[in-house]
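Enquirer: Next comes the sequence, and after it the predicted model I'd like to discuss.
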Amino acid sequence: MNLNEVEILLVEDNKTDAELTIRALKRKNLTNNLVWVKDGAEALDFIFAKGEYSKRDIQGLPKLVLLDLRMPKVDGLEVLQTIKADDRTKKIPIVVLTSSKEDKDIVESYELGVNSYVSKPVEFDEFTDAVSTLGLYWMLLNNPPE
């Protein structure tokens with residue numbers, strides 16, 4: 001895969017949740033250009049072309065970031081804040097996809113500029129429906145600024 005043509009960056013430390021998300025997106029043919037990173041530090045390295053992604057062109061930004069909040073190394077709120085604070089990356093749509101339903105996480109996410117906040121449904125069918133709907137909306141219906 002060409003890392004400069006990534007459409008969806010999935011930031012998820014839980015292997016089961018990541019696999020379910022990928023499976024749901026695959027059902028809608030939305031995984032051809034998906035990269036899964038397993039923590040916030042790796043997400044920032046990917047976005048800003050650092051570390052193991054230093055050879056990636058920073059101009060090749062993903063069209064969507066699906067971001068978990070509770071992760072090792074750098075948590076999702078810090079990742080969100082860093083991406084939205086940088087002029088090069090602030091327009092990337094970011095959807096928080098998390099198990100947290102805490103008001104403070106929702107409020108802080110929106111204050112930091114998240115585009116959508118989705119609490120992961122517990123039931124498998126509801127989870128796959130929610131992820132499929134998210135993928136279709138953000139990848140096919142949404143018109144981000146150029």
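Expert: Received the coordinates, thanks.
Enquirer: Count the neighbours of Glu52 for me.
Expert: Around Glu52 there are 9 other residues, counting by other C-beta atoms under 10 Å. The way it works is simple: take the backbone N, C-alpha and C, and place the C-beta from them, glycine included.
Enquirer: what's the answer for the one 10 residues further on, then?
Expert: Each residue near Pro62 was counted by other C-beta under 10 Å, and the total is 23.
Enquirer: Pull the number of nearby residues for the closest residue to it other than its chain neighbours.
Expert: Leaving aside its sequence neighbours, Pro62 sits nearest to Leu9 (C-beta to C-beta, 6 or more residues apart in numbering; 4.1 Å). Leu9: 23 surrounding residues under other C-beta under 10 Å.
Enquirer: May I ask you to confirm that Leu9 is in contact with Leu44?
Expert: No - taking contacts as C-beta atoms under 8 Å, Leu9 lies outside contact range of Leu44: 10.8 Å.
Enquirer: where exactly do the helices run in this structure?
Expert: 15-27, 40-47, 76-85, 103-111, 124-136 (DSSP state H).
Enquirer: can I get the ones you listed in TSV with mean neighbour count and distance to Leu97?
Expert: Output for these, formatted as TSV (neighbours: other C-beta atoms under 10 Å; distance: least, C-beta to C-beta, whole Å):
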stretch	mean neighbour count	distance to Leu97
helix 15-27	17	7
helix 40-47	22	13
helix 76-85	20	9
helix 103-111	14	11
helix 124-136	17	7
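Enquirer: So, low pLDDT: which residues of this protein?
Expert: In the predicted model, the chain carries pLDDT under 70 at residues 3-4.
Enquirer: Brilliant, that's me finished.
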